[in-house]
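[1] Give me coordinates for this.
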Amino acid sequence: MSEPEWLVWAREVQAIAQTGLTFAKDPFDRERYEMLRTLAAKAMAHGSGTPIQQIENLFARQAGYATPKLEVRTGVFDAHNRLLMVREVLDQNRWTVPGGWADVNLTASESAAKEVREETGYTVRITRLAMVLDRARQGHEPPEAFSITKMFFLGELTGGAPATSIETSEIGFFARNEIPHDLSTGRISRAQIDRLFAHHAELGLMTEFD
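    Numbers count the residues shown, from 1 in each chain. Alright, predicted model coming up:
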């Protein structure tokens, strides 16, 4: 795990506090969990240099049993075995494969297809689940405040036409030796792109997980 220990500890304390506040009935227990949440915010603010009020507001919005957040991304290839990629406006126009947070009332695969359509203008049929990975274990930068599970699908083009969105500034298909160097490293890594190419080339590969 490449993340700093202070982040791992602060994230775990926040999760304990969030879950405790969800189930605790005794007012004294709730007060202790609120103190734990404040302690986690202080640790994360100190380690990250982020104003503590910003961290406390972020933590206060979390409710329910603490579980990892779910991110979906899709490897879509054209007839020339080139990978569909987009420039992410929110990350200095760096390149990644289409994706984002999974949506409520949609399955993970439905969310993945929706993200492709919204970010690129293309419609796809999701064909396989290639990888299920913990973001923190993959060396993504910058680190995130919460635990995140990343699901990588493969999708087959079924229609549509290229179109950017409020989230994307450019769309393109790239061969394996043409992948842009300015990747959105918080969303995708070169190793993950290589694995998407491998899954596209070999249909019998099993889903990878960590």
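[2] Now the longest helix seen in the chain - C-alpha only, CSV.
    The single longest helix within the chain, with elements called by DSSP state H, is helix 27-48. Provided in CSV are the C-alpha atoms of helix 27-48 (Å, rounded to 0.1, in the frame of the first residue of the first chain):
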residue,chain,number,x,y,z
PRO,A,27,-26.2,10.0,23.9
PHE,A,28,-22.9,9.4,25.6
ASP,A,29,-21.9,6.9,23.0
ARG,A,30,-22.9,9.3,20.2
GLU,A,31,-20.8,12.0,21.8
ARG,A,32,-17.7,9.7,21.8
TYR,A,33,-18.2,8.8,18.2
GLU,A,34,-18.5,12.5,17.3
MET,A,35,-15.2,13.0,19.1
LEU,A,36,-13.7,10.2,17.1
ARG,A,37,-15.0,11.8,13.9
THR,A,38,-13.4,15.1,14.9
LEU,A,39,-10.1,13.4,15.7
ALA,A,40,-10.1,11.7,12.2
ALA,A,41,-10.7,15.1,10.7
LYS,A,42,-7.9,16.7,12.6
ALA,A,43,-5.5,13.9,11.5
MET,A,44,-6.5,14.2,7.9
ALA,A,45,-6.4,18.0,7.9
HIS,A,46,-2.9,17.9,9.4
GLY,A,47,-1.6,15.3,7.0
SER,A,48,-3.1,16.8,3.9
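[3] For it, the averaged confidence score.
    Averaging pLDDT along helix 27-48 yields 97.
[4] what's the answer for stretch 90-98, then?
    Averaged across stretch 90-98, the pLDDT comes to 97.
[5] ok, what's across the strand from the residue lying closest to residue 97 once chain neighbours are set aside?
    Distances taken as Cβ to Cβ, 6 or more residues apart in numbering put residue 73 closest to residue 97, at 5.1 Å, once the chain neighbours are dropped. Backbone N, C-alpha and C define where each C-beta goes, glycine included. When assigned by DSSP bridges, residue 73 has beta-bridge partners residue 99, residue 152.
[6] In terms of pLDDT, where does residue 73 sit?
    98.
[7] residue contacts, it?
    Shown in contact with residue 73 (Cβ atoms under 8 Å, 6 or more residues apart in numbering): 96-99, 112, 115, 150-153, 187-188.
[8] Which one of those residues is nearest to residue 69?
    Distance to residue 69 across the contacts of residue 73 (Cβ to Cβ) is lowest for residue 150, with 9.8 Å.
[9] Only the buried residues of the one helix or strand the closest one maps to, if you could.
    Assigned by DSSP states H and E, residue 150 belongs to strand 148-160. Of all the residues in strand 148-160, those buried under the rule 16 or more other Cβ atoms under 10 Å are 148-155, 157.
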